[in-house]
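[1] I would like the atomic coordinates for the input below:
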Amino acid sequence: MSRTRVLFLCTGNSARSQMAEALLRSLAGDRVEAASAGIEPKGLHPLAVKAMREIGIDISRQRSKGLEAVDGTPFRFVITVCDKANESCPVFPGDTERIHWSFEDPAAAEGSEEERLRVFRRVRDELLGRLRLFVAAQHVGGEGQAARVREV
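    Next up, the predicted model:
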């Protein structure tokens, strides 16, 4: 069985797309090949790492990358998770379905670290909810895979 390739695209590839990539891997297991990239990569945000670690997913070894890192890779789905990436998204060859999900940029949150972390948690949980629906609708992932993501 071939794995479904999914690319998450956002502006900085620092939070939303990084979290989505890891969440999809956790939900769908080896039936999916998830990747992420940014229009203007900014580096992995430490609060994204912290928010994901709270649900048992370590993204500390993921790296922020630009579109050139995935150039030439055929994806079944390209999912933009911010409006700017949606507007700037290049055309991908082949049978690629583009999907747009608009999520707040947690990296732009202001306030104390705890206040900013609350925004990262909320966006993480919103991504998780959307990805559960995506996995179910696209029939990627196996029975019981969603249990691998700890509830907070």
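[2] who's in contact with stretch 76-83?
    4-11, 16-17, 20, 86, 89, 92, 95-103, 105, 127, 134, 138 (C-beta atoms under 8 Å, 6 or more residues apart in numbering). Quick note: C-beta positions are derived from backbone N, CA and C, even for glycine.
[3] In the chain, where's the longest helix?
    Secondary structure of the chain per DSSP state H: the longest helix is helix 113-138.
[4] Same question for that helix: list its buried residues.
    By 16 or more other C-beta atoms under 10 Å, the buried positions in helix 113-138 come out as 116-121, 123-128, 130-132, 134-135, 138.
[5] which other helices and strands contact it?
    Judged by 3 or more C-beta pairs under 8 Å, 6 or more residues apart in numbering; DSSP states H and E, helix 113-138 is in contact with helix 16-28, helix 46-53.
[6] Highest mean neighbour count across those helices, which stretch is it?
    helix 16-28 (a mean of 26; mean count of other C-beta atoms under 10 Å).
[7] ok, residues contacting the following helix or strand past that one?
    Following helix 16-28 in sequence order, the next helix or strand is strand 32-38 (DSSP states H and E). Contacts to strand 32-38, defined as C-beta under 8 Å, 6+ apart, come from residues 3-14, 17-18, 20-22, 24-25, 28, 62, 64-67, 69-70, 73, 75, 85, 140-141.
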